[in-house]
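Undergrad: build me a structure from this.
(one chain, ligands or ions: 1)
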Amino acid sequence: MQQSVIRIGAIAVSLFLAACGGSESTSVASEDTAPASERVAAQSAPATPQADDISTVDGTALADFTGDAAAGERAFMQCRTCHVMDPGVNRMGPSLAGIIGRKAGSVDGFNYSPAMAESEITWTPEKLYQFLENPRRVVPGNRMAFAGVRNDQERANLIAYLKDAQR
Ligand code: HEC
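TA: Below is the predicted model:
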């Protein structure tokens, strides 16, 4: 189990590096890969916002969009490898049950990075909208091997789905 988790993590990090045109090869797994991905992020990502700052890189706000929960459920396919909405079910990532309104890093039994655990973030819809645009910018050093969702409407859809799924 642990082995396969590490392998999936290494693949995800390699994909991220490939997507960014990085030439570094990542044959080492687990913790050793984190600094490499962070280095890439540090070069390309703007400054880290404060916990209660919801400004985005592209200047849009969640309020500019009407989220479509059904489209969001389809978009959630890209999260489902690592997250499920069932309470208490942690995969590679923590359960996202009740995520809206929850404090970051607070799911029992999930081994968060110190960066996520100490972020002081509360997951409001607006903060999720900002985080999902560029997870490494918003929580530098986090262990979510996912580049983010650049499409604004798709992020709004995802958040509409997350809201619906926790009712
Ligand atoms: C490759 C696996 C992976 C994918 C894909 C992924 N995540 Fe994550 N996610 C993680 C991990 C691991 C963490 C914990 C990060 C940490 O502790 O630094 C996390 C953390 C989070 C958190 C913070 C949770 C908390 O309890 O504070 C949110 C919100 C989140 N992910 C949403 C998403 C959404 C929405 C998607 C899809 C658009 C997604 N993630 C895709 C692995 C993933």
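Undergrad: and the helix or strand hosting E73, what does it pack onto?
TA: Assigning secondary structure by DSSP states H and E places E73 in helix 69-75. Contact analysis of helix 69-75 by 3 or more Cβ pairs under 8 Å, 6 or more residues apart in numbering; DSSP states H and E lists helix 152-165 as its packing neighbours. In short, each C-beta sits where N, CA and C put it, glycine included.
Undergrad: ok so F131 is a helix residue?
TA: Yes: under DSSP: H, G, I helix; E, B strand; the rest coil, F131 sits within a helix.
Undergrad: domain assignment for the chain?
TA: For the chain, the structural domains run 1-44, 47-165, going by automatic domain parsing.
Undergrad: what's in contact with the helix holding E73?
TA: Residues outside helix 69-75 that contact it (Cβ atoms under 8 Å, 6 or more residues apart in numbering) are 149, 154, 156-165.
Undergrad: the ligand next: which of those residues are close?
TA: Checking those against the ligand by Cβ under 6 Å from any ligand atom, the ones in range are 149, 158.
Undergrad: can you put the contacts of helix 69-75 in JSON lines and add pLDDT?
TA: Output for those, formatted as JSON lines (pLDDT from 0 to 100):
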{"residue": "V149", "pLDDT": "98"}
{"residue": "E154", "pLDDT": "98"}
{"residue": "A156", "pLDDT": "98"}
{"residue": "N157", "pLDDT": "98"}
{"residue": "L158", "pLDDT": "98"}
{"residue": "I159", "pLDDT": "98"}
{"residue": "A160", "pLDDT": "98"}
{"residue": "Y161", "pLDDT": "98"}
{"residue": "L162", "pLDDT": "98"}
{"residue": "K163", "pLDDT": "96"}
{"residue": "D164", "pLDDT": "95"}
{"residue": "A165", "pLDDT": "92"}
